[in-house]
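> Provide a 3D model corresponding to the input given below.
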Amino acid sequence: MTERPRSKRWTREEWERLLEEERRAEAARPPVVSLGARVQVELVDEGGGVEALDLVLVPDADADLARGFLGQGTPLGRAIAGHEAGSELPYRQGDIVAVRILAVVPDDVPDTGAAAKRQAALQQAVERSDAVDMARLALTVDVKWGSYDPDGVLSDDEG
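Okay, here's the model as predicted:
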């Protein structure tokens with residue numbers, strides 16, 4: 001029977017030293033564009049003109065470009081994801097030919113509230129649609145006791 005070689009037994013000090021080395025190496029690596037990162041970019045057009053943007057990469061549900069929150073699934077979000085500051089990437093959109101990543105600051109994913117606002121607007125639209133449907137039904141019902149009076153079904157701003 002062949003004996004298997006025993007693996008090295010690490011001391012606590014050796015593990016702590018390895019972990020500290022890894023932390024230092026991680027801190028020395030330049031940050032890359034990832035979810036939650038604040039990114040400064042320049043969009044370069046065909047004539048060499050540039051447009052500077054300061055964005056935060058967020059999940060698509062929280063995207064709100066007017067407030068600087070770029071969805072990760074957008075063409076620009078996909079183009080810059082995983083790249084570090086100093087990168088210049090080809091990016092063809094209209095007259096834009098490239099994007100330069102000027103700075104990347106890792107951060108937490110902010111809660112933009114955009115998803116909640118969209119959900120509230122959707123709920124309001126559904127409620128309005130239901131009220132309009134009830135009013136239409138009330139206006140079309142004619143039974144032997146007379147027609148249905150739709151007053152009060154719709155609020156003043158819906159009628």
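> and the residue nearest to Asp107 when sequence neighbours are not counted, how many residues sit next to it?
If you skip the residues right next to it in sequence, Asp107 has Gly36 as its closest partner in space, 4.9 Å away by Cβ to Cβ, 6 or more residues apart in numbering. From N, CA and C alone the C-beta is placed, and that goes for glycine too. When neighbours are defined as other Cβ atoms under 10 Å, Gly36 has 16 of them.
> tell me the SS of Gly36?
The local conformation at Gly36, judged by DSSP: H, G, I helix; E, B strand; the rest coil, is coil.
> quick one: it and Asp62 touch, right?
No - using Cβ atoms under 8 Å as the test, Gly36 is too far from Asp62 to be in contact (10.3 Å).
> domains of this protein?
The chain breaks down into these structural domains: 38-105, 114-147 (assignment by automatic domain parsing).
> just so I have it, where are all the strands in the protein?
For the chain, the strands identified by DSSP state E occupy 38-45, 50-58, 69-71, 88-93, 96-105, 142-143, 146-147, in order along the chain.
> Least reliable of those by average pLDDT, please.
Comparing mean pLDDT across the strands of the chain, the lowest value falls on strand 146-147: a mean of 58.
> coming back round to it: I'd like the strands of the chain as TSV, with distance to Asp130 appended.
Formatted as TSV, the entries for those read as follows, by distance: least, Cβ to Cβ, whole Å:
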stretch	distance to Asp130
strand 38-45	42
strand 50-58	32
strand 69-71	31
strand 88-93	40
strand 96-105	44
strand 142-143	22
strand 146-147	21
